[in-house]
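S.K.: Fold the following and give me the result.
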Amino acid sequence: MPPLITSEEARAYGRLSDHAEIEALVERAWEVRVENFGDSTDMCSLVNAKSGGCAEDCGFCAQSRYAEADTPMHAMMEPEQILEHAKAAEAAGAHRFCMVTQGQGLSKRDFQKILEGTKLVAEQTNLKRCASIGHMSSERAKALKEAGVQRVHHNVESARSYYPEVSTTVRYEGRLRTIQAVKEAGLETCVGGILNLGESEEQRVEMAFELSEINPTSVPINLLIPKEGTKFGEREVMDPWEVVKWIAIFRLIIPGALFRLCGGRVENLGSLHKLAVKAGLNGVMMGNFLTTLGAEPAEDRAMFEELGLNVARQPDNGANPRPDNRSGWLEGEAPGTPIDELIDSQGEANFWDPSTQLRVVKKAKKPPSYPTAA
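M.R.: Numbering: from 1, shown residues only. As a prediction, this is how the structure comes out:
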């Protein structure tokens with residue numbers, strides 16, 4: 001679906017600061033969201049399946065070996081551990097579950113654990129399956145599909161013109177090659193980026209139109225969490241009205257994609273979460289993120305329901321990756337599952353306990369300095 005606004009119009013919207021004008025923009029984006037997706041939602045959850053000690057220099061990430069920030073550190077989870085997190089995600093009301101690892105790619109052994117974990121999630125839950133495991137070949141993408149993965153996440157992170165400030169060790173062109181390999185394997189694509197890395201407003205528009213050209217199934221929007229000890233650690237968080245405005249602009253540029261708000265939303269949005277949903281979101285990342293805590297899943301579900309959106313689990317979650325144009329898909333109650341009683345009881349679904357999932361580790365020695373962009 002082509003953009004609904006031009007780059008000139010997008011830049012003009014980017015200059016808006018009056019709250020009433022931003023709210024009018026939000027109303028337009030909401031109309032586009034409802035027209036394309038009705039009341040359906042796409043709520044996602046993730047597991048940080050392999051964390052810390054990453055060799056790359058991405059300036060936003062505490063897992064980088066160049067960052068001084070403390071971060072969770074653990075080796076690749078066993079397939080059974082991945083399944084435990086998936087069951088907790090389903091208990092909290094997620095539709096989709098993403099297995100995430102650090103680094104540019106995985107060893108054969110770790111990749112096999114992702115495949116085995118995917119098969120367990122497909123067999124024992126009703127969740128859609130996603131993976132975010134760095135660069136990959138067409139062969140690996142096909143192996144993921146055969147194991148039961150339906151969508152692969154691989155961000156471009158920022159506009160091409162600004163990308164060298166974000167990372168020098170992970171090439172932008174390599175990201176595009178991975179996205180193409182995923183498409184060739186017949187998998188859905190999840191491609192987005194991070195706002196507030198120091199890019200200009202023009203570069204945000206640039207990134208949105210670059211994403212439109214990629215034409216991903218799903219667009220995750222992340223907001224920088226300035227973490228002391230990272231390259232971008234001294235930046236201020238975004239003004240929440242700016243966040244809402246840019247979500248609406250991205251929605252008008254990429255009207256046919258599923259939009260979700262992910263990392264940084266708690267720190268950046270404050271009380272404007274509901275307005276951000278209305279700016280064009282199909283879902284949010286529920287529960288915790290890779291290295292930071294998230295919102296309570298029950299609060300997220302309530303926020304969407306207040307806008308008349310349907311967050312109930314669908315009986316065909318596992319079979320249908322994309323829930324677009326499905327207003328009225330659920331008549332009555334979905335078939336019961338063994339974990340239904342946990343959906344509003346996080347006390348029993350203890351796999352999201354931050355004291356264990358996000359156990360941070362101090363780095364043993366001072367990291368090297370960040371490389372400079374060429």
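S.K.: what ranges do the strands span in the stretch 201-350 of the chain?
M.R.: Remark: strands of the stretch 201-350 of the chain, listed N- to C-terminal, are 218-223, 258-261, 283-286; assignment by DSSP state E, counting those that start in this stretch.
S.K.: Can you add mean pLDDT and give the ones you listed back as JSON lines?
M.R.: As requested, these are exported to JSON lines (pLDDT from 0 to 100):
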{"stretch": "strand 218-223", "mean pLDDT": "96"}
{"stretch": "strand 258-261", "mean pLDDT": "94"}
{"stretch": "strand 283-286", "mean pLDDT": "89"}
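S.K.: Tell me which of those lies nearest to A49.
M.R.: Smallest distance to A49 across these (Cβ to Cβ): 15.1 Å, for strand 283-286. Heads up, the C-betas are built off the backbone N, CA and C, glycines and all.
S.K.: in its sheet, what does the closest one sit against?
M.R.: Based on DSSP bridges, the pairing partners of strand 283-286 within the sheet are strand 44-50 (parallel), strand 258-261 (parallel).
S.K.: Please produce TSV containing those strands, extended by distance to T217 and mean neighbour count.
M.R.: Rendered in TSV, the data for these read as follows (distance: least, Cβ to Cβ, whole Å; neighbours: other Cβ atoms under 10 Å):
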stretch	distance to T217	mean neighbour count
strand 44-50	12	25
strand 258-261	6	26
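S.K.: closest to E56 out of those?
M.R.: Nearest to E56, of the strands paired with strand 283-286 and by Cβ to Cβ, is strand 44-50 at 13.5 Å.
S.K.: hang on, the earlier thing: can you add distance to G192 and give the strands of the stretch 201-350 of the chain back as TSV?
M.R.: As requested, the strands of the stretch 201-350 of the chain are arranged in TSV below (distance: least, Cβ to Cβ, whole Å):
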stretch	distance to G192
strand 218-223	4
strand 258-261	8
strand 283-286	11
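S.K.: related to what we said a few turns ago, out of the strands paired with strand 283-286, flag the one nearest R15.
M.R.: strand 258-261 (22.1 Å).
S.K.: which residues sit against that closest one?
M.R.: The contact list for strand 258-261, computed with Cβ atoms under 8 Å, 6 or more residues apart in numbering, reads 33, 37, 42, 44, 217-221, 223, 247, 250-251, 269, 276, 280-285, 322-324.
S.K.: If we use 7 Å, what do you get?
M.R.: With contacts defined as Cβ atoms under 7 Å, 6 or more residues apart in numbering, strand 258-261 is touched by 42, 44, 217-221, 251, 276, 280-285.
S.K.: So which of those is the closest to R140?
M.R.: When these are compared for distance to R140, the smallest value, 18.8 Å, is given by T217; criterion: Cβ to Cβ.
S.K.: can you pick the most crowded of the contacts of strand 258-261?
M.R.: Tallying neighbours with other Cβ atoms under 10 Å puts G280 at the head of those, with 30 neighbours.
S.K.: if I pick the closest residue to that one other than its chain neighbours, what's in contact with it?
M.R.: The spatial neighbour of G280 that comes closest, neighbours along the chain excluded (Cβ to Cβ, 6 or more residues apart in numbering), is R251 at 3.0 Å. When the contact criterion is Cβ under 7 Å, 6+ apart, the partners of R251 are 29, 32-33, 259, 279-280.
S.K.: Model confidence score at D110, please.
M.R.: Confidence at D110, expressed as pLDDT, is 92.
S.K.: Quick one: work out the angle between the helix or strand containing it and strand 44-50.
M.R.: Using DSSP states H and E, D110 sits in helix 108-124. For helix 108-124 against strand 44-50, the angle by axes from the mean of the first three to the mean of the last three Cα atoms, to 10 degrees is 150 degrees.
S.K.: Enumerate every residue touching the nearest residue to D42 once chain neighbours are set aside.
M.R.: In space, not counting the residues next to it along the chain, D42 is nearest to G283; the distance is 4.2 Å by Cβ to Cβ, 6+ apart. Under the criterion of Cβ under 7 Å, 6+ apart, the contact list for G283 reads 41-44, 260.
S.K.: what's across from G283 in the sheet?
M.R.: Partner residues in beta bridges with G283, using DSSP bridges, are R260.
S.K.: For S138, give its distance to E173.
M.R.: Counting by Cβ to Cβ, to the nearest Å, the gap from S138 to E173 is 16 Å.
S.K.: Now tell me which helix or strand of this structure has the poorest mean pLDDT.
M.R.: Taking all helices and strands of the chain together, the one with the lowest average confidence (mean pLDDT, DSSP states H and E) is helix 354-357, at a mean of 42.
S.K.: and whichever strand or helix holds I22, C-alpha only, in PDB?
M.R.: Under the criterion DSSP H and E, the helix or strand holding I22 is helix 19-37. Backbone C-alpha positions of helix 19-37 (Å, rounded to 0.1, in the frame of the first residue of the first chain) are rendered in PDB as follows:
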ATOM      1  CA  HIS A  19      -1.300  19.800  20.800                       C
ATOM      2  CA  ALA A  20      -4.600  20.400  19.100                       C
ATOM      3  CA  GLU A  21      -2.900  20.100  15.700                       C
ATOM      4  CA  ILE A  22      -1.200  16.900  16.800                       C
ATOM      5  CA  GLU A  23      -4.500  15.500  18.000                       C
ATOM      6  CA  ALA A  24      -6.100  16.200  14.600                       C
ATOM      7  CA  LEU A  25      -3.200  14.300  13.000                       C
ATOM      8  CA  VAL A  26      -3.800  11.500  15.400                       C
ATOM      9  CA  GLU A  27      -7.500  11.300  14.300                       C
ATOM     10  CA  ARG A  28      -6.400  11.000  10.700                       C
ATOM     11  CA  ALA A  29      -4.000   8.200  11.600                       C
ATOM     12  CA  TRP A  30      -6.700   6.500  13.700                       C
ATOM     13  CA  GLU A  31      -9.100   6.500  10.700                       C
ATOM     14  CA  VAL A  32      -6.400   4.800   8.600                       C
ATOM     15  CA  ARG A  33      -5.700   2.200  11.200                       C
ATOM     16  CA  VAL A  34      -9.400   1.300  11.600                       C
ATOM     17  CA  GLU A  35     -10.000   1.300   7.900                       C
ATOM     18  CA  ASN A  36      -7.200  -1.200   7.300                       C
ATOM     19  CA  PHE A  37      -7.400  -3.400  10.400                       C
END
